[in-house]
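A.B. asks: give me a model of this one.
(chains A, B and C)
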Amino acid sequence: MGKYIRINLAAAAELRISFLMQVGGMIINNVSFVVVWLLFFNAFGTINGWSGKEVIGLQGFLALTFGIAFAFFNGSRDLELFINNGTFDSILLTPKNLYLRILTVTATTSAIGDMIFGILLSGIYAYMAHLSLTQVLLLVSLVPPVATILINFALITSCIGFYMPDSAQLSQDAFEIIFGPSMYPSGMYQGIVRFAFLVVIPSIAVGGLPVEAVANLDIFKVGIVWVLAVAWFLIALFVLRRGVRRYESANLTGARV
Amino acid sequence: MKLRRVDGGWFSRMSKYLYAYFLSVKEALYYPKKLQTSAIIVPFRILMMLVIYTYAFHYIGRSVNGIDVAIAVWSIAIYHLLLYMQFRGVFRTIDEEVRKGTFELQLNKPYHYLAYKFWEQFGKGLLNFVMSAVVAVPILLLFTHGFPSTTSTPRFLYALILAAGGTMVSAGLYILIALPSLWINDARPFFWVVDKAILIFGGAYIPLALLPSSFQTFASLTPFGAPMFATQMFNPGFLSSWPMLLIVQLFWVAVFFVLIRIVFSKAQKRLSINGG
Amino acid sequence: MENAVEVRHLTKAFTFPVKDPDKGFLGNLFSPQSRSITAVDDISFSVQEGESLAFIGPNGAGKSTTIKILTGILWPTSGNVSVLGFDPQEQRKELALNIGTVFGQRSQLIFNLPISDSFDLFARVYEIEKSRYAAQRGKLVTLFDLGEILDQPVRKLSLGQRMKAEIAVALLHEPPIVFLDEPTIGLDIVAKRRLRENLKAINKELKTTIFLTSHDAGDIETLCKRTIIINHGKMIFDDKTTNLKRRYLNKKIVRIALEEKDMLDVKRMPPGIEILKNKGGGAKFVVDTSVIPIDEVLKEIIHGKDIQDITIEDPPLEEVIGKIYEAKTR
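C.D. replies: So this is what the prediction gives:
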């Protein structure tokens, strides 16, 4: 798996200028979003423990986990493309674990921009919030489960491709439904809305909840993140298995002969 | 040899651009999935803003700078709906056509390339705008219990005028920043900066009225806020401020028109194309 | 007869930025070096109305640059160009109304919409009167056999169908001259043949001047009575297509069928003959007619042999063109 990741990144990084452009573009994109929410809290003040500082932490953490997840495992988002263009056949034929093979088939360089940005911004947050070493380690330890949720949710939305040809747009939209709300300060989500965006669509689980957990050293919230990571991993495996079975039985009109 | 001369009247000349607009609208029907996105994602985004702003205003228990939750959310909704009637896409079209070489194909056609791209792009967003408005507006009317309290008929009229002006500013701005792709390999950095500036100063996620006064002044005078002046239609001071906003838009339209003419003519002269 | 195209001392040079490896990124950014390449170097030619001309050369020779100058896309560095009496740079719009262009690898049709929509659009782009449009459209639909695919989206067409539609659209406004850049690229043999027949018909019946670039020798041989070859920016050949072979290659390929197990006696072969194949039952060889006339060769071979069959061919035009491309410029 490591070999595939290295090959993907080396191939992408060869296009150096293009690589820098993509990274730069992502950074500009992310900075503007941070600015927007800083301006929001400048107008409203602290809401439910959330202020500009927490937004910086949220955006940093999200960018970092998003970057790690898709810099290395972008195949989870590209699965629909493989199914549609017939590449999935050759993926099926490789003598590797299918789930891991799918995840590592492609990497994306712009996600490296997200990683760099995420590390910087998380560092700024840690400084502004005067995080202790324990809190910093806790933040870092939450990266794997959150990345797991992101990757597996992306995989599930991509599996739409097993059931509907040419569904790239729909997969993208479905992924936006988790990722969009995760970028907004989750202190604003309460009651049934909070439940929906925690359990039904894990938006809070990937963004706000880890930040809240670190700020308050709340082990219960840490536990929820890990439980959801395992749950979404298992759901993804299940959905993938069903989808592959459908693909192998050649029900797809787009299957290549 | 029997040669054809340029003798068609105004209508004959405009007819090609209007037909390009019509075909763009028609072609959008062939992307039903994009239409479905506009019917789902944009209303969903607006709904998320509604959730956030409802909680925020409820939490602080008062309005901010005369803006309440209804005005704030309607302002953001207008931004996202109007985005479809603007010209972000023209940047990518021109950039792609220059890189693929189809740009030069169109230079030997009897129309002005940029005018053609303008009408073509204008048609692309119409159906998406309609789809998203059809879904988003009823949802908003339901959750904000109708239009904001400041609503009046003149506001709709003035907002329509500013929306048209904003469309023209957007067209000028995005076309201008696309033209460097004729010189340099990648003009995307210009796009990112402009696009995000409009996102902030146009009020994509936070209405202009809630920004610090220095930001508001900057947005009111620069082409980064001008495309989205119509979002201010429900703001308390709109009825007195709208003429000034229109003047700002007209100013930028004139500036971009002149700049584009100069830059495009230079670009045509210096056109350097691979192959031979 | 007025000339459709007049080119006098046309030159086009391009300037490219060049990275100096010793300078580093900032050095190259602030004091860049540039290099000039002359893509077209002082060429002159005329094309008569109704003529069909092949304008060919190897990749990078300057032919696409020349076409782009003739159609108003590029501006020349120096020289004079006139197409249909118009200056392509100063009278771009007037010229555009009177030329048709087809660039084989790049489509002008609207991808997701039926061909009929592209037709309607181009009718407006070229400001064609309604009655003329109806008549011309009908003619082209029949000529190019587009009737059954008129309502199909362009993206669903095969490459051959798409190319027919591209050329039909380019002829909608009855241009006196049409520029075709690789129109048969990627087409199968049948599609190529049909397309060539259609283009020949247009040239013959409508007297449309054809200005063609192609790497396909079949296009050149079938369609164009005259060929100009350009290489390294200079014209190295300008003559009838039939003279291409005659001037550049003095070779004939001879195939003979002999009695089973009979072969040519290699020792008796006169000079100027290169044996390609010689085994029981037949032989194939190349005769250099500048060394020995073909009739003398045949006399030698026939002597004492029982010839079952014989064919004498010119080498393929590709070979001729290839040799010209490899040769130095004049």
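A.B. asks: chain B contacts on chain A?
C.D. replies: A:17-18, A:21, A:24-25, A:28-29, A:31-32, A:35-37, A:39-40, A:42-45, A:47-48, A:166-167, A:169-170, A:172-173, A:176-177, A:180-181, A:184-185, A:188-190, A:193 (Cβ under 8 Å from any Cβ of the partner chain). Yep, even glycine has a C-beta here, placed from its N, CA and C like the rest.
A.B. asks: need the contact list for residue B:268.
C.D. replies: B:107, C:75 (Cβ atoms under 8 Å, 6 or more residues apart in numbering or on different chains).
A.B. asks: just the buried ones out of the residues of chain A next to chain B, please.
C.D. replies: A:21, A:25, A:28-29, A:32, A:35-37, A:39-40, A:43-44, A:47-48, A:167, A:169-170, A:172-173, A:176-177, A:180-181, A:184-185, A:188-189, A:193 (16 or more other Cβ atoms under 10 Å in any protein chain shown).
A.B. asks: just name the shakiest helix or strand of chain C by mean pLDDT.
C.D. replies: helix C:24-30 (a mean of 63; mean pLDDT, DSSP states H and E).
A.B. asks: where does chain C have low pLDDT?
C.D. replies: Filtered on pLDDT under 70, chain C yields the residue ranges C:1, C:16-32, C:245-249, C:327-330.
A.B. asks: select the longest helix from it.
C.D. replies: In chain C, with assignment by DSSP state H, the single longest helix is helix C:189-205.
A.B. asks: and that one, what's buried?
C.D. replies: Applying 16+ other Cβ under 10 Å to helix C:189-205 flags C:191-192, C:194-196, C:198-199, C:202-203 as buried.
A.B. asks: what's in contact with it?
C.D. replies: Applying Cβ under 8 Å, 6+ apart, the set of residues contacting helix C:189-205 is C:50, C:52, C:143-145, C:159-160, C:163-164, C:167, C:171, C:178, C:180, C:183-184, C:187, C:208-210, C:216, C:218-219, C:222-223.
A.B. asks: cool, and stretch B:223-231?
C.D. replies: Against stretch B:223-231 from outside (Cβ under 8 Å, 6+ apart): B:75-76, B:78-79, B:82, B:86, B:159-160, B:162-163, B:165-167, B:169-170, B:172-173, B:194, B:197-198, B:200-203, B:207-208, B:218-219, B:242, B:245-246, B:248-249, B:252, B:256.
A.B. asks: gap between it and the chain center?
C.D. replies: 9 Å (Cα atoms, centre = their mean, to the nearest Å).
A.B. asks: mind listing which of the contacts of helix C:189-205 are in helices?
C.D. replies: Using DSSP H, these in helices are C:143, C:159-160, C:163-164, C:167, C:218-219, C:222-223.
A.B. asks: weed out the non-buried ones from those.
C.D. replies: C:143, C:160, C:163-164, C:167, C:218-219, C:222-223.
A.B. asks: determine which two of those are furthest apart.
C.D. replies: Spatially, the most separated pair among these is C:143 and C:218, at 20.2 Å (Cβ to Cβ).
A.B. asks: ok, back up a step: and the buried residues of helix C:189-205, which is closest to residue C:45?
C.D. replies: residue C:203 (18.5 Å).
A.B. asks: for residue A:242, which residues are in contact?
C.D. replies: residue A:162.
A.B. asks: now residue 218, nearest residue through space, not along the chain?
C.D. replies: Just going to use chain A. Residue nearest to residue A:218 in three dimensions, not counting chain neighbours: residue A:212, with 6.6 Å by Cβ to Cβ, 6 or more residues apart in numbering or on different chains.
A.B. asks: ah, no, chain B please
C.D. replies: residue B:201 (6.6 Å).
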